[in-house]
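Student: Everything below, folded, please.
(one chain, ligands or ions: 1)
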Amino acid sequence: MLELVDITKVYRGGKRAVDGMTLRLNNGMLGLLGPNGAGKSSLMRIASTVTRPTSGRVLFDGTDVVAKPDVLRRALGYLPQDFGVYPHLTSREFLSYLAAAKGLSTRSARARIDDLLHLVNLTEAVKRPLGKYSGGMLRRVGIAQALLADPQVIIVDEPTAGLDPEERVRFRNLLSDLAADRVVMLSTHIVSDVESVASDIAVVAQGRLLRRGSPEDLLASVEGLVWEVLVDPADVPTLQQRHLVSRMVRTGSGVRVRLLTPVPPYATAQRGTPDLEDAYLAIINQVVGRAPEFAGLPRPEGR
Ligand SMILES: Nc1ncnc2c1ncn2[C@@H]1O[C@H](COP(=O)(O)OP(=O)(O)OP(=O)(O)O)[C@@H](O)[C@H]1O
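Tutor: Next up is the predicted model:
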């Protein structure tokens with residue numbers, strides 16, 4: 001089990017990127033969902049022992065890995081957001097180099113690299129230098145390197161950035177398979193990245209954990225709050241000022257606006273069926289209250 005206990009990270013200059021977050025992870029996938037600047041990368045760097053927290057504890061199977069990072073590093077596959085490669089190496093050369101750095105024997109590394117290149121669908125591109133790979137292909141190399149040592153804990157930071165929709169789906173399915181018997185932590189600001197694969201979602205904003213639960217739990221939190229109204233385009237700015245607008249579609253007869261509000265603004269408003277995007281927006285904008293376990297924490301600024 002990986003435990004992040006009351007983690008705070010204050011950078012030099014005073015930026016409080018993570019503010020007292022506690023997350024306990026067992027096998028399965030946790031989707032860490034939050035807007036840019038929420039502190040996801042900071043938390044993942046701390047969970048990966050790349051950065052030390054200002055305060056708080058990181059425990060892996062009970063061992064304090066801030067004090068003894070190697071205990072986790074041996075079991076960890078980490079894909080950072082800003083993963084870099086050597087452009088002149090081929091994917092096989094690059095992975096061989098990383099395998100050697102991780103202390104894998106040449107023979108076992110060779111077989112493992114072949115399997116991984118197949119798994120991430122790069123077998124046909126192995127002879128090309130990485131400098132000629134697309135963004136999506138490089139992301140897949142990043143995944144392969146994270147899996148080199150058959151890790152028990154996989155931490156991937158915004159892994160679908162730069163992937164096309166088909167690659168996104170393939171990648172989500174791959175992580176979902178891996179999560180069957182491993183701890184997988186995936187960060188993203190894209191709801192659909194976690195919607196279909198994470199049974200456990202932590203919504204974070206401004207360094208704080210706002211809510212954690214299954215997709216069903218998050219959906220239940222906005223039950224009764226989603227309304228749709230058809231309005232004149234001229235009324236849209238007022239609606240946006242008064243309510244949280246989840247989305248808008250221009251139609252021939254006006255603008256269909258989806259709102260997150262306890263009280264519908266017009267008698268003609270119709271109830272909408274909540275989706276996870278609604279729940280996410282309502283939670284980060286605090287239209288819905290925090291779950292009881294998070295009550296008492298200060299509200300994010302701005303609303
Ligand atoms: N090394 C650093 N020094 C100072 N401030 C930092 C540093 N790294 C991150 N920050 C700041 O901490 C806050 C949280 O950043 P972080 O990258 O952890 O968030 P994030 O949720 O991963 O967002 P993004 O997806 O944009 O990376 C931001 O305001 C960011 O500018």
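Student: so the spatially most central residue of the chain, which of the three states?
Tutor: Taking CA atoms, centre = their mean as the criterion, residue 187 is the residue nearest the geometric centre of the chain, at 1.6 Å. Put simply, residue 187 is strand when judged by DSSP: H, G, I helix; E, B strand; the rest coil.
Student: which parts of the stretch 1-150 of the chain sit against the ligand?
Tutor: 11, 13, 15, 17, 34, 36-42, 81 (CB under 6 Å from any ligand atom). To be clear about C-beta, it is placed using only N, CA and C from the backbone, and glycine gets the same treatment.
Student: 8 Å instead, please
Tutor: Residues of the stretch 1-150 of the chain lying close to the ligand (CB under 8 Å from any ligand atom) are 9, 11-13, 15, 17-18, 34-45, 81.
Student: Among those, which lie within helices?
Tutor: Filtering these for membership in helices, criterion DSSP state H, returns 40, 41, 42, 43, 44, 45.
Student: OK, contacts around the closest residue to the fifth one other than its chain neighbours?
Tutor: It refers to residue 44. Distances taken as CB to CB, 6 or more residues apart in numbering put residue 157 closest to residue 44, at 4.8 Å, once the chain neighbours are dropped. Residues near residue 157 by CB atoms under 8 Å, 6 or more residues apart in numbering: 40, 41, 44, 79, 80, 81, 187.
Student: Ok, residue 119 next?
Tutor: 144, 147, 174.
Student: Can you say which of the residues of the stretch 1-150 of the chain next to the ligand are buried?
Tutor: Among these, the ones that count as buried by 16 or more other CB atoms under 10 Å are 9, 17, 18, 34, 38, 39, 40, 41, 42, 43, 44, 45.
Student: gap between stretch 158-168 and the chain center?
Tutor: Distance, stretch centre to chain centre, for stretch 158-168: 12 Å (CA atoms, centre = their mean, to the nearest Å).
Student: pull the CA atoms of that stretch into PDB?
Tutor: C-alpha atoms of stretch 158-168 as PDB (Å, rounded to 0.1, in the frame of the first residue of the first chain):
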ATOM      1  CA  GLU A 158      -0.800  13.500 -17.500                       C
ATOM      2  CA  PRO A 159       0.100  10.500 -19.600                       C
ATOM      3  CA  THR A 160      -2.400  11.100 -22.400                       C
ATOM      4  CA  ALA A 161      -1.100  14.600 -23.300                       C
ATOM      5  CA  GLY A 162      -0.300  14.600 -27.000                       C
ATOM      6  CA  LEU A 163      -2.000  11.300 -27.700                       C
ATOM      7  CA  ASP A 164      -4.600  11.000 -30.400                       C
ATOM      8  CA  PRO A 165      -8.100   9.700 -29.400                       C
ATOM      9  CA  GLU A 166      -7.300   6.100 -30.500                       C
ATOM     10  CA  GLU A 167      -4.000   6.100 -28.600                       C
ATOM     11  CA  ARG A 168      -5.800   7.500 -25.600                       C
END
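Student: thought residue 1 was touching residue 25?
Tutor: Yes: contact criterion CB atoms under 8 Å: residue 1 and residue 25 qualify, at 6.7 Å.
Student: between those two, who's got more neighbours?
Tutor: residue 25 (19 against 12; other CB atoms under 10 Å).
Student: if I pick the nearest residue to that one once chain neighbours are set aside, what's in contact with it?
Tutor: Leaving aside its chain neighbours, residue 25 sits nearest to residue 2 (4.5 Å; criterion: CB to CB, 6+ apart). Each residue near residue 2 by CB under 8 Å, 6+ apart is listed here: 24, 25, 47, 58, 59, 60, 72, 153, 183, 185.
Student: Repeat the analysis, applying 6 Å as the threshold.
Tutor: 25, 60, 153, 183 (CB atoms under 6 Å, 6 or more residues apart in numbering).
Student: go on, residue 231?
Tutor: 254, 255, 257.
Student: partners of the last one in the sheet?
Tutor: Assessed by DSSP bridges, residue 257 has beta-bridge partners residue 229, residue 248.
Student: Which positions within stretch 135-154 qualify as buried?
Tutor: 136-149, 151-154.
Student: For the stretch 151-300 of the chain, which segments count as helices?
Tutor: Secondary structure of the stretch 151-300 of the chain (DSSP state H, counting those that start in this stretch): helices located at 165-178, 191-195, 215-221, 236-242, 276-284.
Student: Settle this for me: residue 218 is touching residue 278, isn't it.
Tutor: No: using CB atoms under 6 Å, residue 218 is not in contact with residue 278; the gap is 9.3 Å.
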